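1. Kindly generate the corresponding structure for this input.
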Amino acid sequence: MRSSNPVLNRLDETTWRRDRVLDVADEMTVEDVVVRTVGLLLLTGVTALLSWLFIPAAVWVPGALGGSALAALVLALVISLRGITNPLPMAGYAVIEGLLLGVASRAFELVYPGIVALAVAGTFGVFLGMALLYRARLIRATPRLARLVIGTLLGIVAISLVNLVVYLVTGRQGLVVYSLTGEVGALPYVIAVIAIIAGAFSFVLDFDLIERSVRAGRPRRYAWLCAFGLLTGLVFLYWQLLRLLSYLRR
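-> Here you go, the predicted structure:
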């Protein structure tokens, strides 16, 4: 079963080649993934709080955000494609994302008070809800679900990239709205809702891959890669919820 998360897909491709562990004490556990995920989330959250409080709303902020977003994307691709298990690049990604989240979230909060708390609560609520559903075996990671979720997420990413290029060149916003104010048509609502649903179900596939990695006795260092994959999923879901909530508040 492949995950919808490209980071965890890399784990699947890399470690399924029988990277066997002779020492049981060095085998990856679910607790290892949980601890590392919490650590990366705390680093992201602290950085976001500091950027929210101390980065001034100056003219250079949009350029800095654009550069940080590009750096985060490149770093995420390098980590996932190379299957890096060193925590330092992952910590760098968490810091960059924290910078983005802090500054952008403050901008949303100034226009729509209370929106950030709702987005954060919604993100972790969806994550915990999917974890409980998966634990109760009410939702199973089937090949059909995997194909549907992966196809949907790839389509959303492609649409978003094309829409962003059109926006940067022409200033027109179509399927994804980047401005904080202004009218929103029906299609951006549909795209945001589909993205949130696909992001939620992607956690089921990720949980399944982590569970199978533990059963297969993968080395403990791969817990960092699993944690990084979950972090990218949570960040994606937060952005989608924040965007949808801003649509609803207009």
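2. Buried residues of the helix or strand where Leu241 lies, list them for me.
-> Per DSSP states H and E, Leu241 falls inside helix 222-248. Buried residues in helix 222-248, counted by 16 or more other Cβ atoms under 10 Å: 222-246. In short, each C-beta sits where N, CA and C put it, glycine included.
3. next one: it to chain centre, how far?
-> Relative to its chain's centre, helix 222-248 lies at 3 Å (Cα atoms, centre = their mean, to the nearest Å).
4. list the helices and strands it packs on?
-> helix 6-15, helix 30-54, helix 61-82, helix 87-111, helix 115-135, helix 186-215 (3 or more Cβ pairs under 8 Å, 6 or more residues apart in numbering; DSSP states H and E).
5. give me that answer again for 10 Å
-> helix 6-15, helix 30-54, helix 61-82, helix 87-111, helix 115-135, helix 143-170, helix 186-215 (3 or more Cβ pairs under 10 Å, 6 or more residues apart in numbering; DSSP states H and E).
6. between the ones you listed, which gets nearest to Ser179?
-> Proximity to Ser179 (Cβ to Cβ) singles out helix 143-170 among the helices and strands packed on helix 222-248, at 9.1 Å.
7. Show me which positions of the closest one end up buried.
-> Leu145, Ala146, Val149, Ile150, Thr152, Leu153, Ile156, Ile159, Asn163, Tyr167.
8. With distance to Val190 added, can I get these in JSON lines?
-> Conversion of the buried residues of helix 143-170 to JSON lines gives the following (distance: Cβ to Cβ, whole Å):
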{"residue": "Leu145", "distance to Val190": "21"}
{"residue": "Ala146", "distance to Val190": "23"}
{"residue": "Val149", "distance to Val190": "17"}
{"residue": "Ile150", "distance to Val190": "19"}
{"residue": "Thr152", "distance to Val190": "12"}
{"residue": "Leu153", "distance to Val190": "15"}
{"residue": "Ile156", "distance to Val190": "11"}
{"residue": "Ile159", "distance to Val190": "11"}
{"residue": "Asn163", "distance to Val190": "13"}
{"residue": "Tyr167", "distance to Val190": "18"}
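9. So which of those is the closest to Leu77?
-> Among the buried residues of helix 143-170, Leu153 lies closest to Leu77 (Cβ to Cβ), at 15.2 Å.
10. is it true that the closest one touches Ile196?
-> No: the criterion here is Cβ atoms under 10 Å, and Leu153 misses it with Ile196 at 11.3 Å.
11. Now the common contact residues for the two.
-> By the contact definition Cβ atoms under 10 Å, 6 or more residues apart in numbering, Leu153 and Ile196 are jointly contacted by Phe236.
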